[in-house]
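Undergrad: After the sequence you'll find the predicted model.
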Amino acid sequence: MSRLKNKVALVTGAGRGIGAAIARAFAGEGASIVLAELDGASAEATAREIANDYAEIQTLAVQTDVTLAASVRRAVEAAERAFGQVDVLVNNAGINVFADPLSMTEEDWRRCFAVDLDGVWNGCRAVLPGMVERGAGSIINIGSTHSFQIIPGCFPYPVAKHGVIGLTRALAIEYAAKNVRVNAIAPGYIETQLTRDCWNSQPDAEAARKATLDIPPMKRVGQPEEVAMTAVFLASDEAPFINASCITIDGGRTALYHD
């Protein structure tokens, strides 16, 4: 497959879960991959897996803290030194911060926004100059169904994820005339290690898992690879007129009316 042949893609949070799945899917479509990850060891491990599966694909793992603009700039500069440019950015890195609004600490608030919103902006800001200069580029921001629906007990995570959609749309309009597309993907329940850890933290892990599976109309959770398929499409030349959009991947959950 060669839908992303000759493209260079930088994926944040690429060491595991959705980010790793996107990196692997991009490699399978011919892209050179830069894995920007806070946990450098997991980035290296995923890069080795990609190299083993796709011998012709070039990879680069860069330890990156998305909360620090300078760290993200260094990752982009490393990508440019290695591969010449960054054609696709996937802002995937994120964390869950769930707290009671009135008892939440200032540190929790700042930590949530530093990763989930500032981290996305830091990525966009680092790649946009090159994309604007070349007159081409695709930025994909990973939002959430929390980006437009509120689940009690999840504050302040949805506040940050709402911000991701606002940032996506605003930047998309700012740079549309430069042929730089900015879109978002909003996953629902996806079976990652983070999801499994959440189930296992409950008194009855299997009951927690079953309760999750009962929520989506399709009676299952999604897989990281299913998010990656959509990312490939948005990154490719098959989506040239898709801009300022958000594609929801949740098995229909957000369309279902809840009592």
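TA: In hand now; what should we look at? Residues are numbered from 1 along each chain as shown.
Undergrad: Output the below-cut-off pLDDT ranges for the stretch 101-250 of the chain.
TA: Across the stretch 101-250 of the chain, nothing is flagged by pLDDT under 70.
Undergrad: I figured residue 185 hits residue 245, correct?
TA: No: counting by C-beta atoms under 8 Å, residue 185 stays clear of residue 245, with 9.6 Å between them. For every residue, glycine as well, the C-beta is placed using N, CA and C.
Undergrad: higher neighbour count, these two?
TA: Of the pair residue 185 and residue 245, residue 185 is the one with more neighbours under other C-beta atoms under 10 Å, namely 26 against 16.
Undergrad: Buried ones in the helix or strand the more buried one falls within, by neighbour count?
TA: Here residue 185 is covered by strand 180-187, with elements defined by DSSP states H and E. Under the neighbour-count criterion of 16 or more other C-beta atoms under 10 Å, strand 180-187 has 180-187 buried.
Undergrad: what sits against residue 113?
TA: By C-beta atoms under 8 Å, 6 or more residues apart in numbering, the residues touching residue 113 are 156, 159-160, 163.
Undergrad: in which helix or strand would I find it?
TA: Using DSSP H and E, residue 113 sits in helix 106-116.
Undergrad: looking just at contacts, which helices and strands does the helix or strand that that helix is followed by meet?
TA: From helix 106-116 onward toward the C-terminus, using DSSP H and E, the following helix or strand is helix 118-134. Applying 3 or more C-beta pairs under 8 Å, 6 or more residues apart in numbering; DSSP states H and E, we find helix 118-134 packed against strand 8-12, helix 69-83, strand 88-91, strand 137-142, helix 157-175, strand 180-187.
Undergrad: do that again at 10 Å, thanks
TA: strand 8-12, helix 69-83, strand 88-91, helix 106-116, strand 137-142, helix 157-175, strand 180-187 (3 or more C-beta pairs under 10 Å, 6 or more residues apart in numbering; DSSP states H and E).
Undergrad: Tell me which stretches of the stretch 151-259 of the chain form helices.
TA: Per DSSP state H, counting those that start in this stretch, the stretch 151-259 of the chain carries helices over the ranges 157-175, 193-200, 205-214, 224-235.
Undergrad: before we move on, back to that, may I see the helices and strands packed on helix 118-134 organised as JSON lines, with distance to residue 196 added?
TA: Shown next, in JSON lines, are these (distance: least, C-beta to C-beta, whole Å):
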{"stretch": "strand 8-12", "distance to residue 196": "21"}
{"stretch": "helix 69-83", "distance to residue 196": "28"}
{"stretch": "strand 88-91", "distance to residue 196": "22"}
{"stretch": "helix 106-116", "distance to residue 196": "20"}
{"stretch": "strand 137-142", "distance to residue 196": "19"}
{"stretch": "helix 157-175", "distance to residue 196": "18"}
{"stretch": "strand 180-187", "distance to residue 196": "15"}
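Undergrad: For residue 27, find the nearest of these.
TA: Shortest distance between residue 27 and those, using C-beta to C-beta, is found for strand 8-12: 8.7 Å.
Undergrad: Between strand 180-187 and the next helix or strand after that closest one, find me the angle.
TA: Per DSSP H and E, the first helix or strand lying C-terminal to strand 8-12 is helix 17-28. Here the directions of helix 17-28 and strand 180-187 differ by 130 degrees (axes from the mean of the first three to the mean of the last three C-alpha atoms, to 10 degrees).
Undergrad: shift numbering so it begins at 377
TA: Happy to do that; since the first residue is 377 now, the last one works out to helix 393-404.
Undergrad: hey, C-alpha coordinates of helix 393-404 in CSV?
TA: Output of helix 393-404 as CSV, limited to C-alpha atoms (Å, rounded to 0.1, in the frame of the first residue of the first chain):
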residue,chain,number,x,y,z
GLY,A,393,-2.3,2.8,22.2
ILE,A,394,-3.9,4.9,19.5
GLY,A,395,-0.6,6.7,18.8
ALA,A,396,1.3,3.5,18.1
ALA,A,397,-1.5,2.2,16.0
ILE,A,398,-1.5,5.3,13.9
ALA,A,399,2.3,5.2,13.5
ARG,A,400,2.1,1.5,12.3
ALA,A,401,-0.8,2.3,9.9
PHE,A,402,1.1,5.2,8.4
ALA,A,403,4.2,3.1,8.0
GLY,A,404,2.0,0.4,6.3
